[in-house]
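Student: test case, fold it:
(4 chains)
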2 protein chains.
Amino acid sequence: MDRDRIDEPRPAFLLSQLGAHAASQFAERLKVLDLAPQDAGVLRLLRVAAGLSQQELAGRLRIHPSRLVAILDNLGKRGLVERRANQEDRRLYSLFLTKRGEETLERIGKVAQEHQEALLSALSREERDTLATLLLKVADHQGLVRGVHPGYQRMGATKRPGEPVNTKSL
Amino acid sequence: MDRDRIDEPRPAFLLSQLGAHAASQFAERLKVLDLAPQDAGVLRLLRVAAGLSQQELAGRLRIHPSRLVAILDNLGKRGLVERRANQEDRRLYSLFLTKRGEETLERIGKVAQEHQEALLSALSREERDTLATLLLKVADHQGLVRGVHPGYQRMGATKRPGEPVNTKSL
DNA sequence: TATTGTTATACTCTATAACTATA
DNA sequence: TATAGTTATAGAGTATAACAATA
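Tutor: Model (predicted):
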């Protein structure tokens, strides 16, 4: 059998374990700004891709369009994001970051920096660089989109999108 | 501002992103055995700590005891885990892996191996070792318990344990 | 009175599909 | 007819608290 010895943790499990830990720690820190990770994702994407429609934004973040509505309602109500009417097609909104949204994004950046510092404090600068290089290599090879967290897709969801509804559960 | 250039992905974000990806890929592969990640966690722990009570098991896995009931009902019904009456204290069950449970654990090991191979295929053997070393260093420093995934705590949950019930939502 | 395992209830959050208005 | 954004509904899965048996 050969596996009755003390388990050497598999790197894949470590990755998954640490990733979940990192995500929850970051979400915890974001609460200071009264924001959730998806909110940060939306704001960050709108900085580099201003003017997107909701459909486009949802597509890029892998969020269901109907879910994005509530997220944008909240961010809009708080004056961080603006829905501007699109002249050419009046069915569409064009989404923009407000001044306050940009400021909030700066604060998010600080929070993320502190988070990362705490998370990786066990590593030297050089080790962090090595880690970043390796992770980026794997992420690119796996086809992960920069800045798009798989968790955005379903943060507290219970059913996978596209998964058939289970009529006769239990 | 200095951050208007192309984002160098932060290693902390990469970690979180890749971790979520790894977790979902693994969960997907586990479906072949009709098991969820928590099930694998239960079986694995019972291999090295046979005879635990449900309370002890729940405590170690950071799963709510009432949730563990359904998990064990399922594993028991399928003959992978056995609830033996405890002679000394008849309120307790002593949990054991069955023969079939051990076999299933072997299969899980194979699935995990394949999963890891696919996940890290971008890296050389040496790079994988380096990655494992760095991750383990961080995980230990963060106080993560070997083999206990933070996601076990809430896999599709909507409310954090201990969090007050939100009476006036919206 | 306290603890183990169990169950019923309430709660949160989502995807789906219907809906409105525009095209 | 088709598409953008919105909303209503139902589904899924949890934590909490109450429960019965035992200590």
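Student: report how many residues lie close to A:Val111.
Tutor: 18 (other CB atoms under 10 Å in any protein chain shown). Just so you know, the C-beta spots here come from the backbone N, C-alpha and C atoms, and that holds for glycine as well.
Student: so who does it touch?
Tutor: A:Phe26, A:Arg29, A:Leu30, A:Val32, A:Leu33 (CB atoms under 8 Å, 6 or more residues apart in numbering or on different chains).
Student: I'd guessed the third one sits against A:Pro37; true?
Tutor: Looking back up the chat, that one is A:Leu30. Yes. Contact status for A:Leu30 versus A:Pro37: in contact at 6.5 Å, counting by CB atoms under 8 Å.
Student: hmm, who's touching stretch A:126-142?
Tutor: Stretch A:126-142 is contacted by residues A:120, A:123, B:9, B:11, B:14-15, B:17-18, B:21, B:119-123, B:127, B:130-131, B:134-135, B:137 when judged by CB under 8 Å, 6+ apart.
Student: buried members of the contacts of A:Val111 into ChimeraX, please.
Tutor: Applying 16 or more other CB atoms under 10 Å in any protein chain shown to those leaves a buried subset, and the ChimeraX line that selects it is:
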select /A:26,29,30
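Student: quick check: of the contacts of A:Val111, which lies closest to DNA strand C?
Tutor: The nearest member of the contacts of A:Val111 to DNA strand C, counting by CB to the nearest atom of the strand, is A:Leu30 at 13.8 Å.
Student: where do the strands of chain A begin and end?
Tutor: Assigned by DSSP state E, chain A shows strands spanning A:81-85, A:93-97.
Student: for these, give me TSV that also has mean neighbour count.
Tutor: Rendered in TSV, the data for the strands of chain A read as follows (neighbours: other CB atoms under 10 Å in any protein chain shown):
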stretch	mean neighbour count
strand A:81-85	16
strand A:93-97	20
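Student: and B:Ser53, which of the ones you listed is closest to it?
Tutor: Nearest of those to B:Ser53, taken as CB to CB: strand A:81-85 at 50.7 Å.
Student: how near is the closest residue to chain B within chain A to DNA strand D?
Tutor: Distance from chain B to each residue of chain A (CB to the nearest CB) is smallest for A:Gly19, at 1.1 Å. Plainly put, A:Gly19 is 19 Å away from DNA strand D if you go by CB to the nearest atom of the strand, to the nearest Å.
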